[in-house]
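**Student:** sequence plus the predicted model coming up.
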Amino acid sequence: MGVMATPEQHHPTRYWTMLADGRVQCDVCPRECKLREGQRGLCFVRMRADDRIVLTTYGRSSGYCVDPIEKKPLNHFLPGTPVLSFGTAGCNLSCKFCQNWDISKSREQDTLADSASPEAIAQAASRLGCRSVAYTYNDPAIFMEYAIDVAQACAEHGVKSVAVSAGFHSPRPRAEFYRHMHAANIDLKAFSERFYWKICGAHLNDVLDTLVYLKHETDVWFELTTLLIPGENDGDEELHGMTQWVVEHLGCDVPMHFTAFHPDWKMLDRPHTPPATLTRARRIALDNGVRYAYTGNVHDARGGTTFCHNCGHALIVRDWYELEAWNLSAGGLCSRCSTPLPGVFEEQPGNWGRRRMPVRLQTAARDAQPVTG
């Protein structure tokens, strides 16, 4: 049994504005929900109470799991190492294809069955041998106060922080949030405003602005993921436009992951993504100058392998989330031609492999126990 849900707490937040008409505007994301007393934003977890915006999910999670870092996906950040992953409930987007909809669309407080203080999470991550903690499953933009406190606690234990986000942030809270992150994977869901508005209820330019910000104003290592949905965002023209924009505005060294869709949530009428679509997207990216393009959610050894852009040597060979070969010398250099591989690497990779280990946290690191059976 997990920890019983605690009563809803109203944790104070900073990013809100009192409007002249008496409503309070939440300023944490571009949606700018304008709320009267007791109302919640679209994300469901940020609420107006006592003439301010509060976070109702601070200290509460939908569950914790130790994953391979490659599952985030991050291929150039501490490869092979375990990451303690957790999320809360709610989301500030409304993607019809959401593959974590039971968490992101939850309106049930019982979803938040596990609770832990930031210090408990940091101690548990350290105890479990995790090199990092990931704020994932739903978007950390909406629980940024909790994520930042966890990140600060983790930093004191030498544990890094990873954001898995759609990048739909407003500038001021975005700057505060990413000051505490070491790495991020940003979902670049498509490269058309039509897709973002009709299918996700968001805007493409806000996400592109976040990507440019991350590249040019932070030291955060980040990679991009696009879930390719047949007939929606997988056309050659769109993929050419996306990858050309990435090279022009972010550079050729930002890794791109093209992953397979499966029917879910409100898009049950679409077929699974054929592996050939992912291979085609990867080829378009490489032809347009992206140096590191990957396929995901399918078994594709070549599409999962990191190659040296200079000499073509296979630097990190992957089979799903297993590292089969490691051909980097000290400093993250190609062992054949000494060309640097962009990313964050240690002299030796981790050996976590493909394991997925759910854990239960209560209020202290000693309570973190693997789930067995």
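**Tutor:** Sure thing, it's come through. Numbers count the residues shown, from 1 in each chain.

**Student:** where exactly do the strands run in the stretch 1-150 of the chain?
**Tutor:** Taking DSSP state E, counting those that start in this stretch as the test, the strands found in the stretch 1-150 of the chain are 11-12, 16-18, 24-26, 34-35, 46-48, 53-55, 60-61, 64-68, 82-86, 114-115, 132-135.

**Student:** downstream of the longest strand seen in the chain, the next helix or strand is which one?
**Tutor:** Determined from DSSP state E, the single longest strand within the chain is strand 221-228. Using DSSP states H and E, the helix or strand that directly follows strand 221-228 along the chain is helix 236-250.

**Student:** can you work out which other helices and strands pack against the helix or strand following that following helix?
**Tutor:** Proceeding N to C from helix 236-250, the next assigned helix or strand is strand 256-260, under DSSP H and E. Counting contacts by 3 or more C-beta pairs under 8 Å, 6 or more residues apart in numbering; DSSP states H and E, strand 256-260 packs against strand 221-228, helix 275-287, strand 293-296. Heads up, the C-betas are built off the backbone N, CA and C, glycines and all.

**Student:** make CSV from those and add mean neighbour count, mean pLDDT and distance to residue 168 to it.
**Tutor:** Below are the helices and strands packed on strand 256-260 laid out as CSV (neighbours: other C-beta atoms under 10 Å; pLDDT from 0 to 100; distance: least, C-beta to C-beta, whole Å):
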stretch, mean neighbour count, mean pLDDT, distance to residue 168
strand 221-228, 23, 98, 14
helix 275-287, 18, 98, 23
strand 293-296, 23, 97, 21
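
**Student:** which stretches of this structure have low pLDDT?
**Tutor:** Scanning the chain for pLDDT under 70 picks out 1-8, 100-113, 265-266, 362-373.

**Student:** can you show me the helices along it?
**Tutor:** All helices of the chain, identified by DSSP state H, fall at 101-104, 118-127, 144-156, 171-178, 193-195, 204-217, 236-250, 275-287, 301-304.

**Student:** residue contacts, residue 142?
**Tutor:** Residues in contact with residue 142 (C-beta atoms under 8 Å, 6 or more residues apart in numbering) are 28, 29, 43, 45, 46, 88, 90, 91, 92.

**Student:** what residues are up against the residue nearest the centre of the chain?
**Tutor:** Central residue of the chain (C-alpha atoms, centre = their mean): residue 164, 1.1 Å from the mean position. By C-beta under 8 Å, 6+ apart, the contact set of residue 164 is 72, 134, 135, 136, 137, 140, 184, 185, 187.
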